[in-house]
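Peer 1: have a look; sequence and predicted model below, questions after that.
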Amino acid sequence: MSLDYVKFSNGFERFMPKEYRDMVEHGPFGKKVSVSQMGSFKEILEEHPMCAGCAMTLFIRLAMIAVPNPEDTIMVGTAGCGRLAISQAAIPFVYGNYGDQNGVASGLSRGLRLRFGDKPKDVVVMAGDGGTADIGFQQVLHSWFRKERFTTIMLDNEVYGNTGGQESGMTSRGAVLKMAPLGKKFEKMDMLQMAKVAGCAYVATVVPNNPRRVESVIKKAVLIAREVGSTYIQAYTSCNIEYAIPTDKVMEDAKNVENDRYQFTEYVSEEAKQYLAERYGYKEFLPKPAAPAGAIPNKA
Amino acid sequence: MYLVADINVEICAAKSCKLCTQYCPEANTIQYSEEMGKDKGFKYGSAYVAVDRCKGCAQCVWVCDNMAKNNAIKMIMIDQLPLAAITDNITYGDKSTTAVLVSPSV
Ligand SMILES: Cc1ncc(C[n+]2csc(CCOP(=O)(O)OP(=O)(O)O)c2C)c(N)n1
Ligand code: SF4
Ligand code: SF4
Ligand code: SF4
């Protein structure tokens, strides 16, 4: 079984680095861990070169904890800041050329189904707003129209962070950036609406200042993508470098942006609701029982 | 020299909300020990920082001050920590010894 890859080979135990030892002895594989236990198990994510205080880093950290079966998950990324961390984890990582990630994930997800049949292998794409809404736009939309069964997560820092501050389709109108000095002239793209039009079974927005919600949204998205269809999460993950946010104010900024343009929204298709309720016991999606006749107040 | 986060065990253990463990952007950096503070009579444990992984962003300070309202975390110059906290490779496996290493020598 796939858990076999996180164990010591005979005779090698004492030569393994401490991080690996911690992963074998205290890692989350094969157990159910949650964000409320953070700090008391070895995380899948390791050290990486993303900037100090970056909210995208926090989101990726939470995402690695939230995936329902890390031992049966493959992450797909592309150029941009996020891959610097996503690649430094004990979850296999596939690097799609810039903008190709949803095409790569489509092939991967289909191939895994051919090879492993009904046994779930989860494919999760995490890419920047430039990679998802600009350069990869065509492949993203087509994968949704084809109802490819994997999860797409947009790490929306509203800028091309990795290349020094160009505007993206997801930058808000009027935002002034290093390489958009006159301010962006067009509106932020409505990718949420596009995801719904393209037939995604689950569409949600989150901010990293609500770790439990990040966890619950990612779990649902990954489970639905196993059988029902494409799922899309759009996460606000500020770039404190390009937006000049002092690192100790990153969570304050996330709260302000949440109130401004990133309120929590969640769309779940009827088919996905039924699947979550029946297969995974999500009680909130069970059909409401009809009120007993006596409960209806008689106004007559 | 550079700044790292330092958690005052006595202030933290009085509240012990674990919020900072969920908000530090770096993995395996703010750890939580059920045992820390017990020797001082506190009922719950305390959070502590694996300083070799801390990037000094001070987000945890904001979280403890503003969300937990407990002011248990301060940024300090790394050379103000006991030497063992810097030289020893502190990660999850060393939790029991870390309690002594990471808390500042007052
Ligand atoms: C085909 C191709 N074109 C351009 C680049 C250069 N490039 C690397 S990262 C990046 C921008 C990333 O922006 P975004 O996707 O928003 O992610 P962020 O870095 O903001 O997380 C670009 C243009 C590349 N690597 N490959
Ligand atoms: S450039 Fe911005 S998005 Fe990229 S790691 Fe740094 S703070 Fe994060
Ligand atoms: S937020 Fe403050 S009180 Fe809560 S666990 Fe962290 S240090 Fe302790
Ligand atoms: S200063 Fe930043 S990196 Fe260091 S422990 Fe606090 S939140 Fe984590």
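Peer 2: Everything's here; your move. Residues are numbered from 1 along each chain as shown, chains lettered A, B, ... in the order given. Ligands and ions are numbered 1, 2, ... in the order given.
Peer 1: ok, which stretches of chain A are strands?
Peer 2: Remark: strands assigned in chain A by DSSP state E are A:73-77, A:93-95, A:122-128, A:151-156, A:202-206, A:231-236, A:265-268.
Peer 1: does the fourth one come close to chain B?
Peer 2: Translated: strand A:151-156. No. Figure legend: strand A:151-156 not in contact with chain B (C-beta under 8 Å from any C-beta of the partner chain); closest approach 13.0 Å. The way it works is simple: take the backbone N, C-alpha and C, and place the C-beta from them, glycine included.
Peer 1: centre of the chain versus that strand, how much separation?
Peer 2: With C-alpha atoms, centre = their mean, to the nearest Å as the basis, strand A:151-156 stands 5 Å off its chain's centre.
Peer 1: poorly predicted segments of chain B, please.
Peer 2: B:83-106 (pLDDT under 70).
Peer 1: so which bits of it are right by ligand 4?
Peer 2: For chain B, the residues in contact with ligand 4 (C-beta under 6 Å from any ligand atom) are B:5, B:24, B:26, B:29-30, B:49, B:54-60.
Peer 1: in helices, which of these fall?
Peer 2: In helices, defined here by DSSP state H, the members of those are B:Gln59, B:Cys60.
Peer 1: make TSV from the residues of chain B next to ligand 4 and add neighbour count and distance to A:Lys18 to it.
Peer 2: TSV is the format used below for those (neighbours: other C-beta atoms under 10 Å in any protein chain shown; distance: C-beta to C-beta, whole Å):
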residue	neighbour count	distance to A:Lys18
B:Ala5	25	21
B:Cys24	27	20
B:Glu26	26	17
B:Thr29	25	15
B:Ile30	26	18
B:Val49	25	17
B:Cys54	22	17
B:Lys55	22	20
B:Gly56	15	22
B:Cys57	25	24
B:Ala58	23	27
B:Gln59	28	26
B:Cys60	28	23
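Peer 1: ok, and of the residues of chain B next to ligand 4, which contact chain A?
Peer 2: By C-beta under 8 Å from any C-beta, the members of the residues of chain B next to ligand 4 lying near chain A are B:Cys24, B:Glu26, B:Ile30, B:Lys55, B:Gly56, B:Cys57, B:Ala58, B:Gln59.
Peer 1: what sits against the spatially closest residue to the fifth one that is not a sequence neighbour?
Peer 2: Taking C-beta to C-beta, 6 or more residues apart in numbering or on different chains as the measure, B:Gly56 lies nearest to B:Leu3, with 4.5 Å between them; neighbours along the chain are not counted. Residues in contact with B:Leu3 (C-beta atoms under 8 Å, 6 or more residues apart in numbering or on different chains) are B:Gly56, B:Ala58, B:Met75, B:Ile76, B:Met77, B:Ile78.
Peer 1: try 10 Å this time
Peer 2: B:Leu3 makes contacts with B:Cys54, B:Lys55, B:Gly56, B:Cys57, B:Ala58, B:Lys74, B:Met75, B:Ile76, B:Met77, B:Ile78, B:Gln80, as judged by C-beta atoms under 10 Å, 6 or more residues apart in numbering or on different chains.
Peer 1: from those residues, which is closest to ligand 3?
Peer 2: Within those, proximity to ligand 3 (C-beta to the nearest ligand atom) peaks at B:Lys74, which comes in at 10.3 Å.
Peer 1: distance of the closest residue to the closest one other than its chain neighbours from ligand 3?
Peer 2: Nearest non-adjacent residue to B:Lys74, counting by C-beta to C-beta, 6+ apart: B:Asp6, 5.6 Å away. Going from B:Asp6 to ligand 3 by C-beta to the nearest ligand atom, to the nearest Å gives 10 Å.
Peer 1: no further queries at this time; thank you.
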